[in-house]
Structures are given as structure tokens and as C-alpha cells.
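1. Build me a model:
(chains A and B)
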Amino acid sequence: MGGVLALALGGYFSTASNVFTGSLINLQSWFSSRFVAVQDFLTAPRDIASLRQRNAELEADVSELQAQVIQLQQQVGETDILAALVDFSRARSENSYKAAAVIGLDPSPFLHYVIINRGSNDGILRGMPVVTDQGLVGRVDSVIADAARVQLITDSDSNVNVRLQNAETEASLVGSVTGDVTLDLIPQDVAIEVGDLVLTSGLGGGYPPDLIVGQVVNIRSRDFDLFQRATVQTVVDFNRLQIVLVIVNFKPVDISPLIPAP
Amino acid sequence: MRNLVAAPVIVLAVMLQSAIVSRVYLLSGIADLPLVMLAAWALQEEVKTAWHWAVAAGLLVGFVSGIPWFVPVISYLMVVMAAQLLQRRVWQAPLLAMFLVTFLGTIVLYLISFATLRLSGVPLPLSDTLGLLALPGVLLNMLLAIPAYAVMRDLSRWVHPSPEVE
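-> Okay, here's the model as predicted:
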């Protein structure tokens, strides 16, 4: 016994020992893998069911998160608009503003009006100018308690007194049934150029001065006409109006009694 | 009692018109959802209340819109009149009658609107009105006509249930 132990300690049995333990390990592995395979086979249906349930739960979570992402993106968009409007109101601190959301358009295609969610309860009065951070939108046409209708400058019946910044001349900005706006009553002797900035002049008392309206994009000047005309690209995108500012401290002047009847 | 459904339906139609339909342009023309729904309602055989609907819808549209209130009221009443006249003549082809009433109603609405605005001094060129507003408007109303007819037919059956055959 002592001899065997001495031979083992001397390393003479190492080869036989390795072969023996290797065989045992392989056998154990074989048993283990077969057991796991059988266990998988027996438990797999239950796992698929639970996986399906888990998958459904996760899909529901993903849908909910996607809805939240869309909602947050919308809020970010609104926040960007509001931030721009706040910057605008700070830059023009002489005016007081009331922010309002555009909640509808006029049902008639002949008219370019929008409906906002602020009314007389918020201090909105007929004739108040409406702007965005980009420029002039229009003016309040009629008011009820919690809503108001705004006539856009693109409306056929809209007429805004403007001035051309570079040419230093007054003109009249009129809308159209298609939503295009045109400068009219520009004297023939005034040199105007494409790209000239159009601002409100404040004449007539309908709008405060120096609100940006747009840029001249096309000039129509014919020798036999009394006045030049020009097409204006408005700075406000009227198809994407979401939030506007009503200038609540501006009191429009009604000069119609001073205009002689034809 | 079920006739009272007119109130929410008309309010919903005007709200949808203002909030959604008015934003969907074809050139400069838009569809008129209250007009199309009214035409579809008036063409239903059992319906006797289309005149009331026309007045209510016209007043509501006149209230929301900047156009004079009598324009939609008169137009919608004429739509109902046209529908009831056609219902007795082409009753075997309800969809044909629907298209016809929609077409005529849209034209009448545009004519009355154009005349009223021109008389009140709004400069509206006839060619632009015809080509960019009226024709696209007619087309969009025609597209709305079929689904509107289906919806209003179901609504009519709900309001006027037919007696069960034993």
C-alpha cells in the first residue's frame, strides 16, 4: 500500500489517472447534456407560452413608449414655437401680447380666416393685430367669449398699408382668393428690387408700424399703368400656423368716417 | 327622440370641417363636409327632418365662418330641395342621385358665395374662383360623397328602424 502511494506521489500513475478522470468527465458531460436536452424538451412549451406573454408585454410597452415619444416630440415642437414667441415679445417689449392657439380655419374657401382659442374673456378685441415671431399674420375680425376669428393678410378683403424698407415708399398690400399677396399702388418713379423687405407702415391706424410682412419676389411694371405692382412672399407660413400672438395693447383707429363716400 | 342626434352630428361635422377638412387643399379648393352630409341625409327615404338639419347646419357654419350667415343657410336649403326632388326621380340609383345633389349643391353654394362677396365689395376674379376654388371643391365633395352616403344611410336606419317582419 505504501509502495503504491509512493509510486503515485512519484507521478508514475499520472497517465492512467488522466485517462480515468477524462473518461469520467466525458461521461458526466454526456449525462448532463442529455438531461438538459430532455429538460428543455419537457419544459419548452411552457417557456414559449411565457415568452409569448412576455413578448406581448414588451410590445405593449414599446407602443406606449412610442406614443410618449410622439407626444414629447409634439411638446418639444410647441415649446420651440413658444420660445421663439417669447424671444419675439421680449425683443418688442413696447407691446403686450396674448398667445393663442389656432384651432380651426374658416369653412369657406373664399375666405382666409383662422379661429383662435382666445376671446373677450382674455381681453381680445376686434381689430387687434395678430403676429408670430416671424411677422404679421392679420387682425382680429370678430370675438366671442372664448374664441376669436382672425382675418389673415392673405384674405381677398385684406388691405394693409406697408412700406418698402429699401425704397422708402408706401404701398398697399392686398390678399387674394388663392392666398397670394400683392403690393399695389407703388408709384412708377420708385425703384424697387426683388428681395426688398416689406414692413407695415402704421398708416391708417390698422396695424402698428414696422412689423415684418415679407419680401418682394416679383415686380410687374408697365409703362401704361398708373402704379407698379409686386408679388410678395410672406415670412409667415400660413399653412402651418399653430400658435400666434395677439397684440392686446394696440388700439386700432377707425378712419372710415373720415373717408368721403363715393 | 332619436332625431335629436342631428345636433351632435351637425356640430361634429362643422368642427371636423373647420379643424381638418379646411386644411386639406386641392389647388385652393376645399371640401364641404356639412354640405355633403346634408345631401346624403336628405336623400334617405325615411328622413323627414332634412329641412331642420339644413337650417341648423347653415346657421352654425354662418356663425363659424366670416361669410354672411344667410349664404350657407340658403345654399343648404337648396341642397335639401334638390335632394328631395331627385329622390323621387332617381330613387333606384341613390349613388347617382348623391353625386348629382353634391355637384349641384356645391355649384349653388359657390355661386351664392361668389355673388354675395362680390356685391359686398370683395375683389374676386371669376376665372380664379372657377378654376382654383369651384372645380377642385366639386371634385373633393364628390370624393366625400360615397363615404358620407354610407354613414348617413346607417344613421338613418338607426334613427328610423324598420319594423321587424314576423
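2. Tell me which residues touch residue A:256, please.
-> Under the criterion of C-beta atoms under 8 Å, 6 or more residues apart in numbering or on different chains, residue A:256 has no contact partners. Backbone N, C-alpha and C define where each C-beta goes, glycine included.
3. Just checking stretch A:129-147 against chain B, any contact.
-> Yes - judged by C-beta under 8 Å from any C-beta of the partner chain, stretch A:129-147 and chain B are in contact via A:141, A:142.
4. Could you export that stretch as PDB, CA atoms only?
-> Extracted in PDB, the C-alpha atoms of stretch A:129-147 (Å, rounded to 0.1, in the frame of the first residue of the first chain):
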ATOM      1  CA  PRO A 129     -53.200  92.800 -34.800                       C
ATOM      2  CA  VAL A 130     -52.000  89.200 -34.800                       C
ATOM      3  CA  VAL A 131     -48.400  88.200 -35.300                       C
ATOM      4  CA  THR A 132     -45.900  85.400 -34.900                       C
ATOM      5  CA  ASP A 133     -42.200  85.600 -34.200                       C
ATOM      6  CA  GLN A 134     -41.700  85.700 -38.000                       C
ATOM      7  CA  GLY A 135     -44.100  88.600 -38.800                       C
ATOM      8  CA  LEU A 136     -47.600  89.800 -39.400                       C
ATOM      9  CA  VAL A 137     -50.500  87.300 -39.600                       C
ATOM     10  CA  GLY A 138     -53.600  89.500 -39.700                       C
ATOM     11  CA  ARG A 139     -56.100  91.100 -37.300                       C
ATOM     12  CA  VAL A 140     -59.000  90.000 -35.200                       C
ATOM     13  CA  ASP A 141     -62.200  90.200 -37.100                       C
ATOM     14  CA  SER A 142     -64.800  89.100 -34.600                       C
ATOM     15  CA  VAL A 143     -64.700  87.900 -31.000                       C
ATOM     16  CA  ILE A 144     -66.800  85.800 -28.700                       C
ATOM     17  CA  ALA A 145     -66.100  84.900 -25.100                       C
ATOM     18  CA  ASP A 146     -63.500  82.200 -25.600                       C
ATOM     19  CA  ALA A 147     -62.600  82.400 -29.200                       C
END
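5. Give me the average confidence score over the helix or strand residue B:112 falls within.
-> Counting by DSSP states H and E, the element that carries residue B:112 is helix B:94-119. The average pLDDT within helix B:94-119 is 90.
6. does chain A sit close to that helix?
-> Yes - using C-beta under 8 Å from any C-beta, we find that helix B:94-119 touches chain A at B:113, B:114, B:117.
7. Would you format those residues as a markdown table with neighbour count included?
-> Shown next, in a markdown table, are the residues of helix B:94-119 next to chain A (neighbours: other C-beta atoms under 10 Å in any protein chain shown):
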| residue | neighbour count |
| --- | --- |
| B:113 | 24 |
| B:114 | 20 |
| B:117 | 23 |
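8. Quickly name whichever of those is closest to residue B:26.
-> Each of these was checked against residue B:26 using C-beta to C-beta; the closest is residue B:113, at 17.4 Å.
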